[in-house]
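Undergrad: this one's sequence-less:
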DNA sequence: GACGTGCTGCAATGTTCTAGCAATAGCGCA
DNA sequence: TGCGCTATTGCTAGAACATTGCAGCACGTC
């Protein structure tokens, strides 16, 4: 598949996902608005973690008068619907990404670099937390702080 | 041992710890000030996590003119000396506690309750992170987010 | 097409933390 | 003990991130 065809396929898939999210919003009495469409498009356009500020900039590139408070409110709403995950990576602002991309985060406390790691890495911790405390770990919702290989 | 005798013993131990910290400060050209003494006393007086604001209030109960910015600066310094750990428990302000109490944190994303857990719980994660990514996990520096038994 | 209400933009506000600067006060040394 | 260097402090301003209140707009149902 060519690069263009891939991009086309992703775009088509994104449209389907956006309509699906809107269907879920309408079920709860919510509405489909241009600001929400653009925010979802920005989230779907590329993977990875972005701050509310960054997502706001991407939305504003297409619709300059969408306010940052609308971004925050809609990210809250999407988090409530479990469509996006909000993660605090140590210091600094929270980052958001699609909930579908299940993974954890290793963040170096010195250089700040972030490594995405598969969920399996947390299996032992999750089992022990459940067995001993009845606690259900959500690996994609927090950052594991420590020292990366090069900073040690 | 009576309650009073326990309190006395803890107080005496605290004094020793404070003098020890001051010795380490002086080694680096640092100084022993009343604000630092009170902050350390507050940290040692009871275990557990407190925010800079809470520690500031405890210090100000004894010395009302100690400014909150002094608290922040001294907490930074104590963190650099590895005497306290700073932990971000999900949302909200950072919390501080003595580094000696090695443990991790399970924080419920719904009710916000926090459970302290022994470091061993992180052994599997720590070993996997080291083996696969050369990453050294510091379990006491972050919060594990998830759902507590009663919120599930 | 009209109506109810969910959503938005805007501005103000809140919270947590940091920076700059002049004044103060530890601590080593004579 | 007194002196001088400079680490530390209080104060104020402000940065960074996020939330809130409100009036008006517009989505979606009837």
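TA: The structure has been received and is ready for your questions. What you are looking at is a predicted structure, and each value in this text was computed from that prediction instead of being measured.
Undergrad: Which residue, other than its chain neighbours, is closest to residue A:41?
TA: residue A:14 (6.3 Å; C-beta to C-beta, 6 or more residues apart in numbering or on different chains). Heads up, the C-betas are built off the backbone N, CA and C, glycines and all.
Undergrad: give me the number of residues near that neighbour?
TA: 15 (other C-beta atoms under 10 Å in any protein chain shown).
Undergrad: Identify the residues contacting it.
TA: By C-beta atoms under 8 Å, 6 or more residues apart in numbering or on different chains, the contact list for residue A:14 reads A:40-41, A:44-45.
Undergrad: ok, those vs DNA strand C, which is closest?
TA: residue A:40 (10.8 Å; C-beta to the nearest atom of the strand).
Undergrad: doesn't residue A:24 make contact with that closest one?
TA: No - between residue A:40 and residue A:24 there is no contact under C-beta atoms under 8 Å: 11.5 Å.
Undergrad: These two: which is more packed in?
TA: residue A:40 (25 against 12).
Undergrad: rewinding a little: so for the helix or strand containing the residue nearest to residue A:41, what's the average pLDDT?
TA: Taking DSSP states H and E as the definition, one finds residue A:14 inside helix A:3-27. Helix A:3-27 shows a mean pLDDT of 79.
Undergrad: Can you name the next helix or strand after that helix?
TA: Immediately after helix A:3-27, counting by DSSP H and E, sits helix A:34-45.
Undergrad: mind listing what the residue sitting furthest away from the middle of chain A touches?
TA: Residue farthest from the centre of chain A, counting by C-alpha atoms, centre = their mean, is residue A:132 at 29.6 Å. Contacts for residue A:132 (C-beta under 8 Å, 6+ apart) come out as B:117, B:121.
Undergrad: what about it, which SS state?
TA: helix (DSSP: H, G, I helix; E, B strand; the rest coil).
Undergrad: So it versus residue B:128, what's the distance?
TA: 19 Å (C-beta to C-beta, to the nearest Å).
Undergrad: So among the contacts of residue A:14, which ones count as buried?
TA: Among these, those classed as buried by neighbour count (16 or more other C-beta atoms under 10 Å in any protein chain shown) are A:40-41, A:44.
Undergrad: ok, those vs DNA strand D, which is closest?
TA: residue A:40 (13.2 Å).
Undergrad: Not counting sequence-adjacent ones, nearest residue to the closest one?
TA: Counting by C-beta to C-beta, 6+ apart, residue A:40 lies nearest to residue A:18, which is 4.8 Å off, once chain neighbours are set aside.
Undergrad: How many neighbouring residues does that neighbour have?
TA: 19.
Undergrad: With the one 10 residues further on instead?
TA: Using other C-beta under 10 Å, residue A:28 is surrounded by 9 other residues.
Undergrad: Next, the closest residue to chain B within chain A: phi, psi?
TA: Chain A approaches chain B most closely through residue A:124 (2.6 Å), counting by C-beta to the nearest C-beta. Main-chain dihedrals, residue A:124, degrees, to the nearest 10: phi -60, psi -50.
Undergrad: any idea how far residue B:120 is from it?
TA: From residue A:124 to residue B:120 the distance is 11 Å (C-beta to C-beta).
Undergrad: what does stretch A:62-77 contact?
TA: A:25, A:30, A:34-36, A:38-39, A:52-53, A:55-56, A:59-60, A:84, A:86, A:96.
Undergrad: Kindly report the residues of chain A close to DNA strand D.
TA: Within chain A, the positions near DNA strand D by C-beta under 7 Å from any atom of the strand are A:22, A:26, A:31-34, A:51-53, A:68-69, A:72-73, A:76, A:92-94.
Undergrad: which SS class is the closest residue in space to residue A:125 that isn't next to it in sequence?
TA: Nearest residue to residue A:125 in three dimensions, chain neighbours excluded: residue B:125, at 4.7 Å (C-beta to C-beta, 6+ apart). Secondary structure, three-state DSSP: residue B:125 is helix.
Undergrad: Go through the buried ones among the contacts of residue A:14 and say which is closest to residue A:115.
TA: Distance to residue A:115 across these (C-beta to C-beta) is lowest for residue A:44, with 23.2 Å.
Undergrad: Surely that closest one is in contact with residue A:97?
TA: No - Residue A:44 is beyond contact range of residue A:97, at 10.6 Å (criterion: C-beta under 8 Å).
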